[in-house]
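Chemist: got a predicted structure plus its sequence, pasted below:
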Amino acid sequence: MSSDENLSSTLAKIKNTLLVMSGKGGVGKSTVAANIAVMLSEKNYKVGLLDIDFHGPSIAKLLGLTGFKLNTIENKIQPHSYNQNLKVITMQCLLDDPDSSVIWRGPMKIGVINQLISEVNWEELDYLIIDSPPGTGDEPLTIAQTIPSAKAVIVTTPQEVALADVRKSLHFCSQLNIEILGIIENMSYFVCPDCGSQHAIFKTAGGNKLAEDYQVPFLGSLPLEMEAVAAGDEGRPICSNSQSNICENMKVIIAKIIANTTDKTKGESKVMKVGIPVVNDKLATHFGHCQLFAIVTVEDNKIIKTETMVPPPHEPGVIPAWLAEQGVSLVLAGGMGQNAQNIFAQKGIKVVCGAPSELPTNVVNKYLSGKLEVGANACDH
């Protein structure tokens, strides 16, 4: 079988490819990639994790893989089985010394990337997660040209110096027609372990604003936590067997990734859930006064299902977390305070305020058709 036939045969077995990118280093891209892969595998998806950050591979360290060497059987590279659903290949397995530097020019990198895709025994995969180095160099370019169906997940931190580099990544994706699955804002805020209060060390909501400006999805924000640092140093995914804030937010991100990727073999359609606070069967003028929530499911821009659910007690952060667990990505409301809007943004949920007090299905249909007229935001106080 020729190399092209080998590549085509491998790609035919991979339903979804996610290219995890960042504009600059130090934003936690590899940590996010590793946790996405592990969490998808724990939901019984068949997952491959490929580390092509040749000059700074860290996936092996993050997953606690030591003594991991390249193994071939019948001319096929055998990936490491991290668990029954997750297989891993990293540049680290090619190095005798994990501290050795890799000094390669572009053609060498391109050849190795093609080998790590086509000559690895990935078998059938629901997701191939590719951890790319920072920037827009040979590695992400090779993936874009080799796997045109790959979708980009872009990781940033809130400060402008990181966002400026992310704009380059967004331009890169636009030029190469790479679909952007969404932006994740890492280190969005610090949660005090003693009092639980939030502190925006690097500013906050920059990733959300960037997503709005470029009209791409915002998948959610992740806090800066001491447990995440310890987990990385100890070689364990933060989101396995953890009740941390970062883990709760990652669950929301994973739900959005699953909802917005396509199973090619089943031809599943793109689905969105809209949350609407309701009083007396109509959209509530004030978010904090709602008795019920209408959860409207939209498929291919059409309403296919409407449920009415009783929300949990109205306390700071409770309802945004609850709606995120229901898979809601958009809230249409009459009025909502800025603090509540900020919490929704951290959960990756878009909020539209000033919607009219009408039946939820009417409001959603107007939004879908671009005919929703919004008035002033009657903020809760």
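Modeler: Yep, that arrived. Note that the structure is predicted; figures quoted are calculated from it, not measured. Numbers count the residues shown, from 1 in each chain.
Chemist: what are the bridge partners for the closest residue to residue 291 other than its chain neighbours, then?
Modeler: When the adjacent residues along the chain are set aside, residue 291 lies closest to residue 279, with 5.5 Å between them (Cβ to Cβ, 6 or more residues apart in numbering). To be clear about C-beta, it is placed using only N, CA and C from the backbone, and glycine gets the same treatment. Assessed by DSSP bridges, residue 279 has beta-bridge partners residue 282.
Chemist: surely residue 279 and residue 288 touch.
Modeler: No - applying Cβ atoms under 8 Å as the test, residue 279 and residue 288 come out as separate, 10.9 Å apart.
Chemist: now do the strands in the stretch 201-350 of the chain.
Modeler: Secondary structure of the stretch 201-350 of the chain (DSSP state E, counting those that start in this stretch): strands at 218-221, 271-279, 282-283, 292-299, 302-309, 328-332, 350-352.
Chemist: to residue 168, which of those strands lies closest?
Modeler: Each of the strands of the stretch 201-350 of the chain was scored for nearness to residue 168 using Cβ to Cβ, and the closest is strand 218-221 (18.3 Å).
Chemist: mean confidence score for the closest one?
Modeler: Across strand 218-221, the average pLDDT comes to 90.
Chemist: buried ones in stretch 356-367?
Modeler: For stretch 356-367, the buried set under the neighbour-count rule, 16 or more other Cβ atoms under 10 Å, comprises 356, 358, 360, 363, 364, 365, 366, 367.
Chemist: show me the shaky parts of the stretch 201-350 of the chain.
Modeler: Within the stretch 201-350 of the chain, the stretches with pLDDT under 70 are 204-205, 240-242, 262-270, 289.
Chemist: what about the helices in it?
Modeler: With helices called from DSSP state H, counting those that start in this stretch, the stretch 201-350 of the chain shows them at 206-214, 226-234, 245-259, 318-325, 338-346.
Chemist: adding distance to residue 371 and mean neighbour count, write those out as TSV.
Modeler: Shown next, in TSV, are these (distance: least, Cβ to Cβ, whole Å; neighbours: other Cβ atoms under 10 Å):
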stretch	distance to residue 371	mean neighbour count
helix 206-214	20	19
helix 226-234	44	15
helix 245-259	25	21
helix 318-325	24	20
helix 338-346	23	20
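Chemist: having no further points to raise, I will conclude here.
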